Each structure stands twice: as structure tokens, then as C-alpha cells.
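**Student:** take a look and give me a structure for this.
(one chain, ligands or ions: 1)
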Amino acid sequence: MATNTRIVLASRPTGDVTAANFRTESATIPVAKDGEIVVRSRYLSLDPYMRPRMSELRSYVPPFELDKPLTGGSVGEVVDSKNPKFAPGDTVIGMLDWAHYTAHSGAGLRKIDPAAAPLPAHLGILGMPGYTAYHGMIRMGQPKEGETVFVSAATGAVGQLAGQLAKLRGARVVGCAGDDAKCDWAVKELGYDACFNHRRERDYGAVLDALCPKGIDVDFENVGGAIMHAVFARMNNFGRMIFCGAISEYQDATPKPGPEKMFSIVQKRLRIEGFIVSDHIAGMGEFVSEVGGLLKAGKIRHRETVVDGLENAPAAFMGLLKGENFGKLIVKVG
Ligand SMILES: NC(=O)c1ccc[n+]([C@@H]2O[C@H](COP(=O)([O-])OP(=O)(O)OC[C@H]3O[C@@H](n4cnc5c(N)ncnc54)[C@H](OP(=O)(O)O)[C@@H]3O)[C@@H](O)[C@H]2O)c1
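**Tutor:** Next up, the predicted model:
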């Protein structure tokens, strides 16, 4: 008999995530109850925010529950429906279990046209990470012609679009990434003016001084830690630091201190602002139309790492936290 494979949170990590934090289980394939649908997952997005959700800390999203399947942004096909809003064959996007099949109320799921773009693109460049880049860079960072913009994790799901959008606004764009091939792609394909390998460079201040001789006007912050401290010290008057994430700190057992000389926020009249993309869903249409148009016109590049098989999701996720993904990380579930 066919079974539903699913991956549950077996234990909460202390420090780095390990394979022991996950457990693969077999369950029966769910049947839709009144008002429900059953969705067969096709693609599952793996994202850095899942790491804080594995811990018990209170945050803007509740923690994953022990012994329950982890969940993630997914694209799937409705295979059974007792909900009048959905029919078998519909392609939907939203939060599904790390599983082949999820029973769902339908709340928060949205139908998409599978012919509009390849399915993984809905989870990357045209999905949550793309919109994160758009909202953070365009609406918050507001880069202007001739300004210098810095993007950490420059080739990741968010960074790859953030950098290209700043470039299209006429800025000089500098990034950092975790290996030479990523930096090459950033410069040759994404149009970054420069990109340094943060795993090889030891003196972040010196490399930023060389690559950003006029200082930094907009920091699109994905990583935090030592790179962010060096950027902070090089912000120009009226600079904007847009805090999208701090992935280098997600596995820390104790919080890291902030940068020195915080009074320079006053002296330089800096704006330092964090955001969570889900607060801005109402404005997503503008992003889909602008970035969808740029994509169709061939003016935007994007890259995904697609890992085959749900059983490989835990290892792929652990790799994401070490920079092993090149571009948006997605699991092909089935
Ligand atoms: N605020 C929001 O609403 C929102 C939404 C989506 C994502 N985010 C945040 O945006 C950031 C990027 O997310 P993403 O989905 O685009 O992920 P991603 O960049 O595709 O993948 C994560 C990347 O982070 C880098 N990294 C991992 N560990 C690192 C470390 N210790 N030090 C330095 N770099 C490290 C690696 O790139 P390298 O190999 O280049 O180092 C890795 O590939 C994350 O901080 C995430 O939490 C925020």
C-alpha cells in the first residue's frame, strides 16, 4: 500500500542542526475531511528562517512542534478535495508539510497557473525570496544613481535579486559570497561591480575600503556578524541599513554583541530598519508585475539548486546553513 513519507522535528538543536534533529516517518496518505483538501507536494522551499523555528524561542512565527512534520513554502497539486474553493488538479502554493501529502484546510493556500513559470520559480525569484529582495531594496533601501550598495549572501535566493535591482536603479553594487564560483557568477551574470569571498578574505574592513572607496549608502543585510560590523563602520551620512536577516548568527547558542560606536547612527543620521516580508503581502502585485516583466524581458537572471527527493531535505537544509547552496535552495519532492 502506498504510504505518506514525512519528516518530523525529532529534537531541538543546540548550536548546529544535526541529522538527529529530524526523523523520517511513514504514515497513511490522508483523505480529505469536510472542508479539507489533500495536496501532493511537488517542490519544497528550504529557507534560513526554518532554523530559528527549530528552537523554542518566541519569534514572529511560532516554533515547529516536536514530533510534528516541519512545514515550508511549497508548490503542490490538489489530489482530493472536500473544499468548494479547490478542485483536484489545481496547482497551489503555500505552507505544506515536509511530506509527500498534506491534509489542509486551504487557508493561506493560493492557486497558481503552472504554465506561467517553471514551478520552482514560484518559490524563488517570483516568490517569497524575490519579494523580500524587492521590498527591502526598492521600498526600504531606495538606492539612487551613483550610490554604493552592499549585499551580503549576494548570490542567495534573496541577494541575487537584491543586487540586480540596485544595479537597475543605477547604483554601484558590491557583494560578498562564500566561494569564488559564486563571486564570479555575481559579477559576470548578475552585474555586480565587485564581489569578495568572505571565507577567504580575513580583513573585511580592508576589502570593503578597496571595493567601496566612496563608502556605503545602502546595506542589504543578510548575514550579520563580523561582515555587518565592518559595513556599519563604512556607512555614509544618511545611509540605510536594511536588516533582512543575520544567518551567520542563527546557530549561535548565545547572542552576539552589536557593532562598536553605535553613536555614529546619530552622527551619520543612519536609518537602520528590519522587516518581515509577510507583513507586506498586500503589496506583492506590484513586485510580480515589475519583476515578472523584467524576467520575461531577459533583464533578470536567477539560479536555483534543486535537490532531488524529500529524504534529502534535512542534509540540504544543514548545507544551506553552511553556504552549500548556490542560489535558491529547493527540494523536488515528487
Ligand atoms: N526578513 C525577511 O522577511 C526575510 C525573508 C527571506 C529571507 N530572509 C533572510 O535573508 C537572508 C538570505 O536568505 P536566503 O533565503 O536568500 O538564503 P540564501 O542566501 O539562499 O542561503 C543562505 C546563504 O547564507 C550564507 N551563509 C550561511 N551561513 C553563513 C555564515 N555563517 N556566514 C556568512 N554567510 C553565511 C551562504 O551563502 P554564501 O556561501 O554566499 O556565504 C548561504 O548560501 C537570511 O538571513 C534569511 O533569514 C529574510
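**Student:** which residue ranges of the stretch 101-250 of the chain form helices?
**Tutor:** All helices of the stretch 101-250 of the chain, identified by DSSP state H, counting those that start in this stretch, fall at 128-134, 159-168, 180-188, 204-211, 225-232.
**Student:** what's the closest of these to D219?
**Tutor:** helix 225-232 (4.9 Å; C-beta to C-beta). (Each C-beta comes from the backbone N, C-alpha and C, glycine too.)
**Student:** in this structure Y250 contacts P48, no?
**Tutor:** Yes - between Y250 and P48 a contact is recorded at 6.4 Å, counting by C-beta atoms under 8 Å.
**Student:** now the angle from the helix or strand harbouring G285 to helix 159-168?
**Tutor:** Assigned by DSSP states H and E, G285 belongs to helix 284-296. Going by axes from the mean of the first three to the mean of the last three C-alpha atoms, to 10 degrees, helix 284-296 is angled at 80 degrees with respect to helix 159-168.
**Student:** could you shift the numbering so residue one becomes 3, and keep it that way?
**Tutor:** Will do, 3 is the new start, and the previous item becomes helix 286-298.
**Student:** next, see if helix 286-298 gets close to the ligand.
**Tutor:** No - contact between helix 286-298 and the ligand is absent, the nearest approach being 12.5 Å (criterion: C-beta under 6 Å from any ligand atom).
**Student:** for that helix, name the packing helices and strands.
**Tutor:** Applying 3 or more C-beta pairs under 8 Å, 6 or more residues apart in numbering; DSSP states H and E, we find helix 286-298 packed against helix 130-136.
**Student:** contacting residues around the closest residue to F234 other than its chain neighbours?
**Tutor:** Nearest non-adjacent residue to F234, counting by C-beta to C-beta, 6 or more residues apart in numbering: P261, 4.3 Å away. Applying C-beta atoms under 8 Å, 6 or more residues apart in numbering to P261 gives the contacts 230-231, 234-235.
**Student:** how about G158?
**Tutor:** Each residue near G158 by C-beta under 8 Å, 6+ apart is listed here: 131, 179, 224, 327, 329-330.
**Student:** burial of G285, as a residue count?
**Tutor:** 13 (other C-beta atoms under 10 Å).
**Student:** I140 is in contact with that one, correct?
**Tutor:** No - checked against C-beta under 8 Å, the pair G285 and I140 is beyond contact range at 10.4 Å.
**Student:** ok, now how distant is the residue nearest to F234 from L272?
**Tutor:** Separation of P261 from L272 (C-beta to C-beta, to the nearest Å): 11 Å.
**Student:** and what of A105?
**Tutor:** 48 Å.
**Student:** with M230 instead?
**Tutor:** 13 Å.
**Student:** any chance of the helices of the stretch 103-252 of the chain in JSON lines, plus distance to the ligand and mean neighbour count?
**Tutor:** Listed next are those as JSON lines, based on distance: least, C-beta to the nearest ligand atom, whole Å; neighbours: other C-beta atoms under 10 Å:
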{"stretch": "helix 130-136", "distance to the ligand": "4", "mean neighbour count": "26"}
{"stretch": "helix 161-170", "distance to the ligand": "5", "mean neighbour count": "27"}
{"stretch": "helix 182-190", "distance to the ligand": "5", "mean neighbour count": "18"}
{"stretch": "helix 206-213", "distance to the ligand": "11", "mean neighbour count": "17"}
{"stretch": "helix 227-234", "distance to the ligand": "6", "mean neighbour count": "20"}
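**Student:** turn these into CSV, columns for mean pLDDT.
**Tutor:** As requested, the helices of the stretch 103-252 of the chain are exported to CSV (pLDDT from 0 to 100):
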stretch, mean pLDDT
helix 130-136, 98
helix 161-170, 98
helix 182-190, 98
helix 206-213, 98
helix 227-234, 97
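**Student:** and the gap between P316 and K263?
**Tutor:** Counting by C-beta to C-beta, the gap from P316 to K263 is 41 Å.
**Student:** right, I mislabeled it, should have said A135
**Tutor:** A135 sits 29 Å away from K263, taking C-beta to C-beta as the criterion.
**Student:** not counting its neighbours along the chain, what's nearest A105?
**Tutor:** Spatial nearest neighbour of A105, excluding adjacent residues (C-beta to C-beta, 6+ apart): P32 at 3.8 Å.
**Student:** am I right that the one you found is in a helix?
**Tutor:** No - looking at P32 with DSSP: H, G, I helix; E, B strand; the rest coil, it is coil, so not inside a helix.
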